[in-house]
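Colleague: test case, fold it:
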Amino acid sequence: MVEVHDAPPMDGFSVPLRLHNLLLALAGRIDDSALTEARELIAHAHIDEAVELTTGTLIAGKITVSSAEQRELALVLEMSRSDATLANDLLVDEAEQVHSHRFSGENQPEFGLAEALDRTLQVLPDVRSVHAVWRITPAGSVPGALPQRVVLVELGPEGNPPAVAFRVDSALRRAGLRSVVEVSGPGVARSAYHQSAGAAATPVWVAGSTQAPSYRPEPVAPTPPPAPVPAPEPVAETPSRHGIRTPAPEPTSASAPVVPIVQASPPQPTAPPAAPAPAEQPARKSRSETRAERTSDLTSAEVAQLRRALAEDPEKGREIAAGKPSMHEVVELPALDLDDPSLSERDRALLRELHAELAERERAEAAKIRLNGASRSGGDRWNA
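Modeller: Now for the predicted structure:
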């Protein structure tokens with residue numbers, strides 16, 4: 001059984017930081033996905049789940065650890081109130097761990113990192129430097145895709161390694177940059193894995209330097225500026241095309257007359273405001289119809305007006321009202337008295353129409369009389 005009360009090699013560190021430093025020592029031996037998940041659990045204060053995940057990964061993958069690492073895992077299991085006996089199942093090997101990992105700084109492992117981490121690095125305290133490198137060898141019993149970008153972050157004494165690891169990893173995920181983030185603080189020995197990675201790494205951001213902006217122009221570096229250069233060549237061709245298109249305005253001018261045609265139609269919609277006119281036409285028709293009816297069948301008001309107008313000659317008034325004047329007599333119509341206050345506007349209008357109709361009848365009868373007289377005189381001449 002592992003003695004967890006032996007003097008631990010990480011005295012003075014909190015439980016989350018002890019587990020974070022233990023994961024740094026195990027980097028390159030366990031899977032990258034397990035490392036990232038365990039660090040995320042530490043950042044969310046799920047220490048028990050993080051240490052159990054780490055211990056289970058080591059046991060399942062039959063990954064060897066040193067006796068000091070076994071005691072440290074047992075201590076963290078006990079301090080996080082997990083089952084410390086899980087450490088007894090670890091495969092211990094006191095021989096020096098030799099891991100032949102290869103790293104490369106070619107093909108711009110730092111590309112896009114400065115932009116993705118700009119805001120995050122501005123708010124994180126005491127970040128000293130950020131480097132990036134490609135790892136071209138697998139890690140763990142279930143390795144992922146290769147090459148694998150490894151981001152190395154160095155912190156000062158004011159930094160919080162577990163929190164910084166989570167924040168940097170989250171920013172890279174949002175930017176779509178698949179990476180493994182390794183954050184180390186002061187007072188922690190660097191393993192051979194991190195020493196090899198740092199030797200080939202390319203700087204991304206260094207405190208107090210202007211290196212970060214130097215990486216931002218790289219995405220802009222692709223040759224969009226030369227693209228406009230061929231543009232002048234098509235410009236030279238365009239005049240000929242415009243020359244061909246010059247007759248094209250003729251159809252446009254032909255289409256121009258269409259505009260007045262379209263404008264000629266708007267006057268027609270103005271007809272709807274005159275819609276009341278149809279309503280007036282029936283009234284006028286009714287008046288014209290009533291005029292013919294009224295001339296043959298007078299109302300009591302009209303008869304009274306005619307009687308007052310023709311008081312001097314009642315016989316003529318009856319003949320005029322009946323529309324039957326005598327054959328050899330021209331009827332003289334007196335002026336109508338339209339100022340009578342007892343008459344309405346409708347009565348006055350009807351009297352005007354009646355007066356006009358009687359005048360027409362008078363002229364027609366006079367013409368007939370003249371024609372009849374002329375025919376009789378001609379017959380007498382023939383008889384003579």
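Colleague: on the three-state scheme, Arg348 is what?
Modeller: For Arg348, the assignment made with DSSP: H, G, I helix; E, B strand; the rest coil gives helix.
Colleague: quick one: contacts for Ser196?
Modeller: If you count contacts by Cβ atoms under 8 Å, 6 or more residues apart in numbering, Ser196 has them with 101-103. Where C-beta positions appear, they are placed from N, C-alpha and C, glycine not excepted.
Colleague: what's the first helix or strand after the helix or strand hosting it?
Modeller: Using DSSP states H and E, Ser196 sits in helix 192-200. Where DSSP H and E defines the elements, the next helix or strand beyond helix 192-200 is strand 202-206.
Colleague: buried set for that following strand?
Modeller: 202-205 (16 or more other Cβ atoms under 10 Å).
Colleague: before we move on, the earlier item: can you point out the buried residues in the helix holding Ser196?
Modeller: By neighbour count on 16+ other Cβ under 10 Å, the buried set for helix 192-200 is 193-194, 196-198, 200.
Colleague: and what of stretch 37-56?
Modeller: If you call a residue buried by 16+ other Cβ under 10 Å, then stretch 37-56 has these buried ones: 37-43, 46-55.
Colleague: including distance to Glu94 and pLDDT, could the buried residues of strand 202-206 go into TSV?
Modeller: Converted to TSV, the buried residues of strand 202-206 look like this (distance: Cβ to Cβ, whole Å; pLDDT from 0 to 100):
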residue	distance to Glu94	pLDDT
Thr202	36	96
Pro203	37	96
Val204	37	95
Trp205	39	93
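Colleague: just give me the closest of those residues to Val123.
Modeller: Closest approach to Val123 among those (Cβ to Cβ): Trp205, at 13.5 Å.
Colleague: ok, the nearest residue to that closest one once chain neighbours are set aside to Val123 distance?
Modeller: Distances taken as Cβ to Cβ, 6 or more residues apart in numbering put Val130 closest to Trp205, at 4.2 Å, once the chain neighbours are dropped. For Val130, the distance to Val123 (Cβ to Cβ, to the nearest Å) stands at 14 Å.
Colleague: looking at these two, which is more packed in?
Modeller: Neighbour count, other Cβ atoms under 10 Å: between Val130 and Val123, Val130 has more, with 25 against 8.
Colleague: describe which strands the helix or strand containing the more buried one pairs with in its sheet and in which direction.
Modeller: Here Val130, judged by DSSP H and E, is contained in strand 127-135. Counting by DSSP bridges, the strands paired with strand 127-135 are strand 103-104 (antiparallel), strand 148-155 (antiparallel), strand 202-206 (antiparallel).
Colleague: from Val180, how far off is the nearest residue to Gly144 once chain neighbours are set aside?
Modeller: Among residues not flanking Gly144 along the chain, Asp32 sits closest, at 5.5 Å (Cβ to Cβ, 6+ apart). Distance, Asp32 to Val180, by Cβ to Cβ: 5 Å.
Colleague: any common contacting residues for these two?
Modeller: Taking Cβ under 8 Å, 6+ apart as the contact rule, Asp32 and Val180 both touch Gln148.
Colleague: about what we covered before: mind putting the strands paired with strand 127-135 in JSON lines, distance to Val65 included?
Modeller: Output for the strands paired with strand 127-135, formatted as JSON lines (distance: least, Cβ to Cβ, whole Å):
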{"stretch": "strand 103-104", "distance to Val65": "23"}
{"stretch": "strand 148-155", "distance to Val65": "21"}
{"stretch": "strand 202-206", "distance to Val65": "31"}
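Colleague: which among those strands is found nearest to Val76?
Modeller: Val76 sits nearest to strand 148-155 of all the strands paired with strand 127-135, at 20.9 Å, using Cβ to Cβ.
Colleague: avg pLDDT for that closest one?
Modeller: Averaging pLDDT along strand 148-155 gives 96.
Colleague: hmm, who's touching the helix or strand encompassing Leu35?
Modeller: Element membership for Leu35, per DSSP H and E: helix 32-43. Counting by Cβ under 8 Å, 6+ apart, helix 32-43 makes contact with 16, 19-20, 23, 26-27, 47, 49-50, 53-54, 57, 139-140, 142-144, 148, 162-163, 165-166, 169, 180-181, all of which sit outside it.
Colleague: just the residues you listed: which are in helices?
Modeller: Judged by DSSP state H, the contacts of helix 32-43 include 16, 19-20, 23, 26, 47, 49-50, 53-54, 57, 162-163, 165-166, 169 as members of helices.
Colleague: pick the one among these closest to Leu117.
Modeller: Leu117 has its nearest neighbour among the ones in helices among the contacts of helix 32-43 in Asp169, at 10.5 Å by Cβ to Cβ.
Colleague: next one: Thr54 from Leu86, what distance?
Modeller: Separation of Thr54 from Leu86 (Cβ to Cβ) stands at 10 Å.
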